[in-house]
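Novice: 3D, please:
(4 chains)
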There are 2 protein chains.
Amino acid sequence: MHAVLIIDDDNELTQLLDQYLSSQGYHITVANDGEEGLRLATSQRHFDVILLDVMMPKLDGFEVLKQLRRTHLTPVLMLTARGDDYDRILGLELGADDYLPKPFNHRELSARIKAICRRLADIPQARRQQAITVGDLAVNPARQTVTIRGEEVSMTATEYALLHLLMVNHGAVLSKEEISMQVLGRPLQAFDRSIDMHLSNVRKKLDANGSEQVIKTLRGSGYMLVDPAS
Amino acid sequence: MHAVLIIDDDNELTQLLDQYLSSQGYHITVANDGEEGLRLATSQRHFDVILLDVMMPKLDGFEVLKQLRRTHLTPVLMLTARGDDYDRILGLELGADDYLPKPFNHRELSARIKAICRRLADIPQARRQQAITVGDLAVNPARQTVTIRGEEVSMTATEYALLHLLMVNHGAVLSKEEISMQVLGRPLQAFDRSIDMHLSNVRKKLDANGSEQVIKTLRGSGYMLVDPAS
DNA sequence: CGCACCTTTACGCAACCTTTACACTGGCCT
DNA sequence: AGGCCAGTGTAAAGGTTGCGTAAAGGTGCG
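Specialist: You can find the predicted model right below:
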């Protein structure tokens, strides 16, 4: 029972796919444009595979893929109307897992999804996440820890998620609202100080292990992790 | 007198095969779907050869093979309806020993099984399975036991499977869901504490035999076997 | 029936997250 | 300049929940 996200602006096609893949035992979610798709793909919800159309209004498939790959390694199967190699190569370079030119038949699609899921089952969840290094810091997704100059610092799940998010977006400001959504999976409410607390705890742990103060506060707008190198 | 396990959802076929191969002097066990097959194949019972159909409900042949290969090197002969190379290559990559496209005639099947058994006779029993060592611990797949600094500790099948899984993935976090799927062959359900219990028992046994506490709990995420050397 | 094993139940603990409370900070207004 | 106050830092208390494990219950097997 795998969860599949379909991102395509062609309503007729998505309905057909929804119907067919549901009948094959997949749990389907549909997004009708790139923005919505990206939001869903990066939300707390889990998808095993994403079917991503290239040609879309607002955000095209490549753009979605590029942004998605900043934070997620969810397998992506690209769909494109044009059969030329250029699209294909670009897609694969950006980290797509497979490629299917339209029109395609349903069984072929089903086979490729299955193949992706099969490959997926080989890799433990924890290894499916991005490893990132910023300055002295490195996240270690396989073991949910952060290392400072090679030394391991233990973090709770939430602290890890918070620091990971900051590192992925290092150099950019993240509002508390965004952080709350990404880390806690819920909108920030009035008088909610949880994020502040987790952040304080992260800073304390980093400090205790000899890291510089890399998490900067931007009063009124949010937080940012600065890369001392850049 | 070799033991053969047939995993195929086609009842008619399995009956025919059972009859035919029994007449050839093999001892036959039949599983009608992938789940049952995997359970049997990884149980305490010994099989010399496994005939594995690719197309099956629940767990397809590739999946069965992949999961089987985590712990066992039992020879596998893949059966598939489609004659295309893709399946064949995938199967062999995953560690199948031979490949037979349907439809096949009985004599051909018999010949291949014989060939596998012949090859088998060359390899000492104990060599046929993967051995893993992590720190003080070593698994002994041939006897389904674990040794701590050479000293043997008896384990039940489930405990062995659990520890083996942790050792194969040492250094990475495994969620309870993954562990349940791999070790018990079923999805984790609400209030299911089986994994906790087996884990507790494994820890107890390791502890009683003087091993360090190598199984780490990551609250909310899962468990990890840490290699003290790394 | 007895045995070995797996699963479920039950309870206590500790880790974790959130809330509360209070001190502090920096910008803005007068 | 000084006062005000929303925004922030963090210690400590409170509440929740996942986890560890003993013990009971269930199941399959010889």
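
Novice: list the contacts of the residue in chain A positioned nearest to DNA strand C.
Specialist: Going by Cβ to the nearest atom of the strand, DNA strand C is nearest to residue A:158 of chain A, at 2.9 Å. All C-beta atoms are positioned from the backbone trio N, CA, C, and that covers glycine. Applying Cβ atoms under 8 Å, 6 or more residues apart in numbering or on different chains to residue A:158 gives the contacts A:183-184, A:198.

Novice: one more time with 10 Å, if that's ok
Specialist: Neighbouring residues of residue A:158 by Cβ atoms under 10 Å, 6 or more residues apart in numbering or on different chains: A:183-184, A:194-195, A:197-198, A:201-202, B:220.

Novice: swap in residue A:198?
Specialist: A:155-156, A:158-159, A:161-163, A:179, A:183-184.

Novice: please apply the same query to residue A:153.
Specialist: Contacts of residue A:153 (Cβ under 10 Å, 6+ apart): A:137, A:145-147, A:159-160, A:163, A:202, A:205-206, A:208-211.

Novice: any part of the top helix by length along chain A near chain B?
Specialist: Counting residues, the longest helix found in chain A (DSSP state H) is helix A:106-122. Yes - under the criterion of Cβ under 10 Å from any Cβ of the partner chain, chain B is reached by helix A:106-122 at A:111, A:114-115, A:117-119, A:121-122.

Novice: next one: stretch A:127-143
Specialist: Yes - contact of stretch A:127-143 with chain B (Cβ under 10 Å from any Cβ) involves A:127, A:140-143.

Novice: same check on stretch A:25-41?
Specialist: Yes - with Cβ under 10 Å from any Cβ as the measure, stretch A:25-41 is seen reaching chain B through residue A:25.

Novice: in that stretch, what counts as buried?
Specialist: A:26, A:28-38, A:40-41 (16 or more other Cβ atoms under 10 Å in any protein chain shown).

Novice: ok, so of those, who is nearest residue B:105?
Specialist: residue A:26 (37.1 Å; Cβ to Cβ).

Novice: give me the neighbour count for the nearest residue to that closest one once chain neighbours are set aside.
Specialist: Sequence neighbours aside, residue A:4 is the residue nearest to residue A:26 in space, at 4.8 Å (criterion: Cβ to Cβ, 6 or more residues apart in numbering or on different chains). Neighbour count for residue A:4, taken as other Cβ atoms under 10 Å in any protein chain shown: 23.

Novice: what lines up beside the helix or strand containing residue A:4 in the sheet?
Specialist: Assessed by DSSP states H and E, residue A:4 sits inside strand A:3-7. If you go by DSSP bridges, strand A:3-7 pairs up with strand A:27-31 (parallel), strand A:49-53 (parallel).

Novice: for the residues of stretch A:127-143 next to chain B, give me a markdown table that also has neighbour count and pLDDT.
Specialist: Converted to a markdown table, those look like this (neighbours: other Cβ atoms under 10 Å in any protein chain shown; pLDDT from 0 to 100):
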| residue | neighbour count | pLDDT |
| --- | --- | --- |
| A:127 | 16 | 71 |
| A:140 | 18 | 89 |
| A:141 | 19 | 87 |
| A:142 | 18 | 86 |
| A:143 | 21 | 89 |
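
Novice: does the residue nearest the centre of chain A count as helix, strand or coil?
Specialist: For chain A, the residue nearest the mean C-alpha position is residue A:72 (2.6 Å; Cα atoms, centre = their mean). Put simply, residue A:72 is coil when judged by DSSP: H, G, I helix; E, B strand; the rest coil.

Novice: ok, it - contacts?
Specialist: A:38, A:41-42, A:47, A:50, A:95, A:128-130, A:168.

Novice: check residue A:163 too.
Specialist: A:132, A:134, A:137, A:139, A:146, A:153, A:155, A:183, A:198-199, A:202-203, A:205-206, A:214-215, A:225.

Novice: those residues: which ones sit near DNA strand D?
Specialist: A:199, A:203 (Cβ under 7 Å from any atom of the strand).

Novice: looking at the contacts of residue A:163, which are in strands?
Specialist: A:134, A:137, A:139, A:146, A:153, A:215, A:225 (DSSP state E).

Novice: the third one and residue B:58, how far apart?
Specialist: The reference is to residue A:139. Computed as Cβ to Cβ, to the nearest Å, the residue A:139 to residue B:58 distance reads 36 Å.

Novice: quick one, which of those two is more surrounded?
Specialist: residue A:139 (22 against 14).

Novice: quick check: that one touching residue A:126?
Specialist: No - counting by Cβ atoms under 10 Å, residue A:139 stays clear of residue A:126, with 11.4 Å between them.

Novice: would you map out the domains in chain A?
Specialist: Following the assignment in automatic domain parsing, chain A carries domains at A:3-121, A:126-226.

Novice: and chain A, which of its residues are near DNA strand D?
Specialist: A:176, A:193, A:196-197, A:199-200, A:203-204, A:217-222.

Novice: if we go to 10 Å?
Specialist: Contact residues (Cβ under 10 Å from any atom of the strand) of chain A with DNA strand D: A:157, A:175-176, A:188, A:190-191, A:193-204, A:207, A:213, A:215-223.

Novice: looking at the residues you listed, which are in helices?
Specialist: Among those, the members that lie in helices (by DSSP H) are A:157, A:176, A:194-204, A:207.

Novice: filter the residues of helix A:106-122 next to chain B down to the buried ones, PyMOL style.
Specialist: In PyMOL syntax, the buried subset of the residues of helix A:106-122 next to chain B is picked out as below (16+ other Cβ under 10 Å):
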select buried, chain A and resi 114+115+117+121
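
Novice: and the least confident of the residues of helix A:106-122 next to chain B?
Specialist: For the residues of helix A:106-122 next to chain B, the weakest pLDDT value sits at residue A:122, with 66.

Novice: wouldn't residue A:126 be in contact with residue B:222 here?
Specialist: Yes - applying Cβ under 10 Å as the test, residue A:126 and residue B:222 come out as touching, 7.6 Å apart.

Novice: which stretches of chain A have low pLDDT?
Specialist: Confidence mapping of chain A against pLDDT under 70 gives the ranges A:82-92, A:122, A:230.

Novice: before we move on, the earlier item: quick one: name whatever helix or strand follows the strand holding residue A:4.
Specialist: Counting by DSSP H and E, what follows strand A:3-7 is helix A:11-23.

Novice: what's the angle from that following helix to strand A:49-53?
Specialist: 160 degrees (axes from the mean of the first three to the mean of the last three Cα atoms, to 10 degrees).

Novice: give the buried residues for helix A:11-23.
Specialist: For helix A:11-23, by 16+ other Cβ under 10 Å, it's A:14, A:17-18, A:21.

Novice: what of stretch A:57-64?
Specialist: Result for stretch A:57-64 [16+ other Cβ under 10 Å]: buried residues A:59-64.

Novice: how far off centre is it?
Specialist: 15 Å (Cα atoms, centre = their mean, to the nearest Å).

Novice: repeat for stretch A:173-187
Specialist: 14 Å.
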